[in-house]
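S.K.: need a 3D model of the following:
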Amino acid sequence: MVTQVAATSPGMVALQKTGFMKSLVNELWTVLECGTDDRPVFTPKTWPVDPIDRTAHKSLISLLNMLSSFPAVYEILADQPLPTKQSYSFREMPNMIIELIDRLIFVDTETKIHSLFNYEQSHIFGLRLLSVLISCLDTFLLLETQYKFQEMLLSCQEANTLDDSGEIIIDMLSVERNYILVKSYLIGGATERSIPPRHIVQKHPFQVPENPFPFPMFSSYPVPREYTPNIAGRSAMKQENDLSRHLSETKSAKADLSWLAKTRKVFCSVLTTKPEQAKGNVLQDFLDRILPVISHIEEESAFPLIAYSGTESALKGYHLTRVQQLGVKLAVRYGVHLKLLTSSPDATENLTQLLKQCGYFLHQQRKAVDSNLRLLQGDYAGFDWFASTIFLMMNGNVDRSWNFLYYFSTLVASGYLWIPRLHSSVHLPPALTSSGIPPLFSSMGHNVELVLQAEVPEVYSAFKMSGYTVSQIVQHWLCQCFWNYLEWLDITHYICVCIIMGIDYQVYLCVAVLKFMKEDILLHMQHQDLVLFLKEEPIRHFRVGEHLEFMQQLEKKFRKTILPDMRKISKP
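M.R.: Take a look at the predicted model:
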């Protein structure tokens, strides 16, 4: 219950007021630095061999459950400088999350090092905490823009070198720093980036290996090429398939509901038999063709089409936040790596232009909310991952991306796929707007739990026993459009499925993912590290097309319940 409360901005504010967060931080510090009798001590205790002791593991999981969602993290860290001091006494105990971050993660001075009884173990704990936090890309952007942790880690790597050769010393901390530096720089699914291990390679337990860490360490960006696997580019030849043939043959035909039904059938057939053919130009044409048809379906068109008033001079006065600017760099780097974009400078300029247009357009539909929540004080605080995904799908074409997003904004699907769409929006009931709780969490998360409990009760029970909630991980995946979790092709299929099949397929797809991960979820629930596994590991080998039949079965069972509930998004 507490974990569920902590997933929202108002919930985190309430937990802070009650002193719950302070108690959690104090308890964690006691376990790490003081001892088990809850009294500060002034001599270090013996420390086990494991990087994180089992006694500290429980505190780590409790803290991560509280800091799982970006709205909660934003509420307690936004615009908060690190409380760095000239000196720390052994009696000082952090009371807030920001103080804990300063003492355990940003251990970059001799003063901070000497203030810890168990420097290596406490710092490795802080780095593990940081690693899980930045699994949420919005949290990564916030922490990097405010505190520049990448710069700090690179400086620590540079300082940890051999005097004669300049090579980085391989130890527990340098390996963990290397892991975070690669993970936070690259975007991609399981095969789209190579993340180094966080342990030394040792084949035989009593034999010292010749090369204990056969992965390149570095102290400046960009990352070594060994971490970026080569990805095949787009083929210059136009390849025909059933979907492209259908779109071509019906180009002059009237696009009505019968055409949409036929297109849906062809799309499902291609996705289940030859999913690798549903990509690139085919999906661009597919989205352009189906959007006008769906927009004329009364049940799907939930919001009015607002006239866009963003003149050139108005856009010049609209500036992206530092979080958004860093997000643009990240998205363009991903697009260039996938060979969807060609020129980084041009793509950066184009994506910036698109996000300015989207931001201005959504700002027109924003209403002022009388609230003390930091999250509601301005425009959407995170990055627009959906608009960036569309930009990459359209190969960096600004006009085509904007045209799609503008008309897509009328659909009920936009409220669940395009997260900034309904931030402080005039289209939401006043009570829901002022709560700071997005429909993605209040409606979608609830429906996933409903279906999961009925269809995969073992997984539902595993979450209940772990203390982590289904709603939280689902919100985490969906807010960043499965970036870093699914392969790019499956991310595009996920978006297309939700648009043409109905937005309730977002629920069914999440249930399909959780069912696919059933064995791993049950295993990590037993190991008591479910939140670590779900946030840090990609969803390996999951293919949307392979699970479409299962989703269609769920549609037959649950659509009458799920879809009407999701369509009530703008009704009080």
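
S.K.: is it true that N95 touches V25?
M.R.: Yes - in this structure, N95 is within contact of V25 by C-beta atoms under 8 Å, at 6.1 Å. C-beta: built from backbone N, CA, C; applies to glycine.

S.K.: comparing the two, which residue is more hemmed in?
M.R.: V25 (22 against 15; other C-beta atoms under 10 Å).

S.K.: how near is L417 to T18?
M.R.: Using C-beta to C-beta, to the nearest Å, L417 is found at 35 Å from T18.

S.K.: which one of these two has more residues nearby?
M.R.: Legend: neighbour count by other C-beta under 10 Å for L417 and T18, higher for L417 (22 against 10).

S.K.: can I assume the more buried one is in contact with I503?
M.R.: Yes - if you go by C-beta under 8 Å, L417 and I503 touch, sitting 7.5 Å apart.

S.K.: residue contacts, the closest residue to H547 other than its chain neighbours?
M.R.: Once flanking residues are discounted, H547 sits nearest to A512: 4.1 Å by C-beta to C-beta, 6 or more residues apart in numbering. For A512, the contact set (C-beta atoms under 8 Å, 6 or more residues apart in numbering) comprises 547, 550-551, 554.

S.K.: could you redo the last one with a cut-off of 7 Å?
M.R.: 547, 550-551 (C-beta atoms under 7 Å, 6 or more residues apart in numbering).

S.K.: just give me the closest of these to K148.
M.R.: Set against K148, the nearest of the contacts of A512 by C-beta to C-beta is H547 (40.5 Å).

S.K.: what separation do you get for the closest one and R567?
M.R.: In terms of C-beta to C-beta, H547 sits 24 Å off from R567.

S.K.: re the thing from before, reformat the contacts of A512 as JSON lines; add secondary structure, neighbour count and distance to E110.
M.R.: Formatted as JSON lines, these follow (DSSP: H, G, I helix; E, B strand; the rest coil; neighbours: other C-beta atoms under 10 Å; distance: C-beta to C-beta, whole Å):
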{"residue": "H547", "secondary structure": "helix", "neighbour count": "19", "distance to E110": "53"}
{"residue": "F550", "secondary structure": "helix", "neighbour count": "16", "distance to E110": "57"}
{"residue": "M551", "secondary structure": "helix", "neighbour count": "19", "distance to E110": "56"}
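
S.K.: tell me which of these is nearest to G359?
M.R.: Distances from G359 to the contacts of A512, taken by C-beta to C-beta, are shortest for M551, at 32.9 Å.

S.K.: I'd assumed V511 was in contact with the closest one.
M.R.: No - here M551 does not reach V511: they are 8.1 Å apart, not a contact under C-beta atoms under 7 Å.

S.K.: and L428, what does it touch?
M.R.: 422, 570.

S.K.: R225: neighbour count?
M.R.: Neighbour tally, R225, other C-beta under 10 Å: 10.

S.K.: low-confidence ranges, the chain, go.
M.R.: Low-confidence segments of the chain, defined by pLDDT under 70: 1, 35-53, 202-209, 233-239, 572.

S.K.: for the residue of it most remote from its centre, phi and psi?
M.R.: Most distant residue from the mean C-alpha position of the chain: D164, 41.5 Å away (C-alpha atoms, centre = their mean). When quoted as degrees, to the nearest 10, the phi and psi of D164 stand at phi -80, psi -40.

S.K.: for it, give its distance to P214.
M.R.: Taken as C-beta to C-beta, the span from D164 to P214 is 22 Å.

S.K.: same thing with S461?
M.R.: 41 Å.

S.K.: what's the answer for V282, then?
M.R.: 40 Å.

S.K.: cool, T84 as well?
M.R.: 37 Å.

S.K.: with T321 instead?
M.R.: Taking C-beta to C-beta as the measure, T321 falls 40 Å from P214.

S.K.: give me the more crowded residue out of those two.
M.R.: Counting neighbours by other C-beta under 10 Å for T321 and for P214 shows that T321 has the greater number, 17 against 12.

S.K.: residue contacts, that one?
M.R.: With C-beta under 7 Å, 6+ apart, T321 has no contacts at all.

S.K.: before we move on, the earlier item: kindly format the C-alpha coordinates of the helix or strand hosting the residue nearest to H547 as CSV.
M.R.: Secondary structure assignment for A512, by DSSP states H and E: helix 505-516. Backbone C-alpha positions of helix 505-516 (Å, rounded to 0.1, in the frame of the first residue of the first chain) are rendered in CSV as follows:
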residue,chain,number,x,y,z
TYR,A,505,-4.4,-3.4,-26.5
GLN,A,506,-2.0,-1.4,-24.4
VAL,A,507,-3.4,-3.3,-21.4
TYR,A,508,-3.2,-6.6,-23.1
LEU,A,509,0.3,-6.0,-24.3
CYS,A,510,1.5,-5.3,-20.8
VAL,A,511,-0.2,-8.5,-19.5
ALA,A,512,1.5,-10.4,-22.4
VAL,A,513,4.9,-9.0,-21.4
LEU,A,514,4.4,-9.9,-17.7
LYS,A,515,3.1,-13.4,-18.7
PHE,A,516,6.2,-13.8,-20.9
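
S.K.: just give me how far it sits from the chain centre.
M.R.: 17 Å (C-alpha atoms, centre = their mean, to the nearest Å).

S.K.: repeat that for stretch 15-22.
M.R.: Distance, centroid of stretch 15-22 to centroid of chain: 26 Å (C-alpha atoms, centre = their mean).
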